[in-house]
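> Kindly return the folded structure for what I paste below:
(chains A and B)
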Amino acid sequence: MTAIDIPSRNRNPAVRQLIAGLLRLFRGSPFFAASAIVTLGFLAAAIFAPFVAPYSPTFQDSAAFMAPPGASHWFGTDSFGQDLLSRVIHGTRYAFLIGFGAVLIGALGGLAVGLAAGLIGGALEWVLMRIVDALLALPSLVMAIAFIAILGQGVDKVVYAVGIALIGPFARTVRADVLQVRAQGFVEAAGLMGINRLRIVWRHILPNVIFPLSVQATVRISEAILVSSGLSFLGIGVVPPTPDWGLMISEGRAFVSFAPWMSGVPGAALALLLIALSIVGDGVRERFDPKLRTNGSGSK
Amino acid sequence: MLFQALQKVLQTAIVLLVVSVASFSLLKLAPGDPIELMLGTEYSPEAHRSLIMELGLDRPAVEQYVLWIVKFVQGDWGTSYVSRAPIFQYAFVEALPVTLTLAVSALGLAILIGVPLGVLSAIRKDTVWDAGAAAFALTGTAFPSFYLGILLIWIFGAYFGWFPTMGFVPPWEDFRGGVYHMILPAITLSTYFMAMIVRLTRANLVEVLEQPYIAAARARGEPNWRVIWLHAMRNVLMPLVTVLGLQLGTLLQGAVLTETVFSLPGVGQMITNGVLNREYGIVQAGVMMTGGLFILMNLLVDLLYPVLDPRLRPR
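Numbering: from 1, shown residues only, chains lettered A, B, ... in the order given. Model prediction:
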């Protein structure tokens, strides 16, 4: 085969570097590899939920209310006779849907605010950053609760509420990156060459901001899942009978003394996914975040 | 130094102002007619109109905000539609002390156990101790606190029956009972912070211990405990205080969830009930209190720096 046959997507040096970096991480750290496999397992469960789950998540087995784990219901049933394993598998969908959706909203919102603040500067930057300060002053859960109060309950509302709550931290990092990139020689050179400002932003600034932003996004997915399951646990997020993990944990709370599996099973799934995601996020950040690589005194 | 402090206070005041505008807008953006919530479903148009006049809802938004913030600062936070009691009494006098008790005990527990564990992990670097502490630090920061609380209730409350699983006893009225009721909630809330303190203490101490002034202290023949706790820890204190200050929001957020797990009548339960009953005044009070608390604590941390580190004192 000649070089021409190489698929064009592999020719992009940034993508190739990314794949090489991930592979090195995967080979170098057994914890990272195990966590990545666990995360992918959950992702597969989310995608193929109807095929993997033995029952429908809302099917009520009238012969098995609060049945302990056994042959017909591997992880037992809840107080409505619903199969916990099936509900946990379907719950994976909501966890990822809300986690990815909220992070997407937060990252896009943060990108818009951060770019505006970093590029335009002046009074607008000051006002925007004070608003971001105020956003950062409220814990994301409390802010999400406030937005739920306005928006109402439901899966889509939770995505919006958690997403808006995440805009603050994203905006701050984007602005810092924009300021850093803007001060560099190649941007100044492009400006002196008389290239259109919008084109400079698109070709030179945005690519240098997007990468650290996506590293941030990986780290924040677990936070989004945690906050959204917290909302459901409080009973103000997703509404029953949606098989949401936080909701299931909350439903089992009253029965913990004689049916501990009811909150135990969804809780274990949530804990496992969050731990795996945080190891994956830490690995990705340590590998790709230039700020952590230079001063070495990161979170480790 | 005074100028710097003043500047920080001014910055804090601006952020507080923005938070208050946001909380005010919350009430304005909330769906439904507040008058309808107050009067119920049956009322005369006259009553509706007179209440609008009385509350100043017919005035421009800026004027309404000023009226509201002046009342708020004076402790007039409105009246609950459900209990007909003043919100200030419920939120500030009854709920806030519960949350603060929980937060302070959890933070205390986290520091008391987390710092020594971090030190142990740093001085026994690359041993089983270090690996164990690292595993704890990793799972502790990622583990959902409300699930941990339920596990603790199941094991220590329901199975062994050692601790009460719900309710709040004010420790200033009954100290032993208060501590007894606070043990499980405090452990639940502290785990995240304990894990983070272990991580931070270890990472910073390992770096500090390699510095020449530590070797100098050892060469002078100072005992090990003095080298670590007096010389080295002094330089670990700063990053620890910084991160803990920034993480206070997470502490409050965890308190909201922990309160629900253990049925503690704190700010978390108050906000949740406020959302469920559509009592936006209560949600607003909760947002103002958590935001205000976080901002003021961070100001305190900022002002504390020069006290903790003489190098930061301007000459």
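
> Name the helix or strand of the chain that has the lowest mean pLDDT.
All of this refers to chain A. Taking mean pLDDT, DSSP states H and E as the measure, chain A has helix A:290-295 as its least confident helix or strand, at a mean of 51.

> Oops, wrong one, chain B.
In chain B, the helix or strand scored least confidently by mean pLDDT, DSSP H and E is helix B:34-39, which has a mean of 67.

> And the next helix or strand past that helix?
helix B:45-55 (DSSP states H and E).

> In terms of helices and strands, where is residue 179?
Assuming you mean chain A. helix A:155-182.

> my bad, the chain I had in mind was chain B
Here B:Val179 is assigned to helix B:175-209, by DSSP H and E.

> Contact partners for A:Arg287?
When contacts are counted by CB atoms under 8 Å, 6 or more residues apart in numbering or on different chains, A:Arg287 touches A:Gly21, A:Leu22, A:Arg24, A:Leu25. In this view, the C-beta of every residue, glycine as well, is placed from N, C-alpha and C.

> Spatially, what comes nearest to the third one if we skip its sequence neighbours?
It refers to A:Arg24. If the residues on either side of it in the chain are set aside, A:Arg24 comes closest to A:Arg287, at 7.6 Å by CB to CB, 6 or more residues apart in numbering or on different chains.

> which residues of the stretch 151-300 of chain A fall in helices?
All helices of the stretch 151-300 of chain A, identified by DSSP state H, counting those that start in this stretch, fall at A:155-182, A:185-192, A:197-200, A:206-234, A:245-252, A:261-288, A:290-295.

> Secondary structure added to the contacts of A:Arg287, as TSV?
Shown next, in TSV, are the contacts of A:Arg287 (DSSP: H, G, I helix; E, B strand; the rest coil):
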residue	secondary structure
A:Gly21	helix
A:Leu22	helix
A:Arg24	helix
A:Leu25	helix
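
> By neighbours, which of these wins?
A:Leu25 (18 neighbours; other CB atoms under 10 Å in any protein chain shown).

> Could you report the neighbour count for B:Ile150?
Number of residues near B:Ile150 (other CB under 10 Å) recorded here: 27.

> Quick one: mean pLDDT over the one helix or strand B:Ala255 maps to.
Assessed by DSSP H and E, B:Ala255 sits inside helix B:248-261. Computed over helix B:248-261, the mean pLDDT rounds to 86.

> next one: stretch B:293-306
Mean per-residue pLDDT for stretch B:293-306: 83.

> And it, what's buried?
Buried residues in stretch B:293-306, counted by 16 or more other CB atoms under 10 Å in any protein chain shown: B:Leu293, B:Phe294, B:Ile295, B:Met297, B:Asn298, B:Leu299, B:Val301, B:Asp302, B:Tyr305.

> Would you mind measuring from the residue nearest to B:Ile113 when sequence neighbours are not counted to B:Ala137?
Nearest non-adjacent residue to B:Ile113, counting by CB to CB, 6+ apart: B:Met194, 5.6 Å away. Separation of B:Met194 from B:Ala137 (CB to CB, to the nearest Å): 9 Å.

> Kindly report the same for B:Glu207.
Remark: distance between B:Glu207 and B:Ala137 (CB to CB) = 16 Å.

> okay, the two: which has more neighbours?
B:Ala137 (26 against 16).

> so who does that one touch?
Shown in contact with B:Ala137 (CB under 8 Å, 6+ apart): B:Ala195, B:Met196, B:Val198, B:Arg199, B:Arg202.

> Please tabulate those residues in a markdown table and include pLDDT, distance to chain A and neighbour count as additional columns.
Below are the contacts of B:Ala137 laid out as a markdown table (pLDDT from 0 to 100; distance: CB to the nearest CB, whole Å; neighbours: other CB atoms under 10 Å in any protein chain shown):
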| residue | pLDDT | distance to chain A | neighbour count |
| --- | --- | --- | --- |
| B:Ala195 | 91 | 11 | 25 |
| B:Met196 | 91 | 9 | 22 |
| B:Val198 | 92 | 12 | 28 |
| B:Arg199 | 89 | 7 | 23 |
| B:Arg202 | 90 | 9 | 24 |
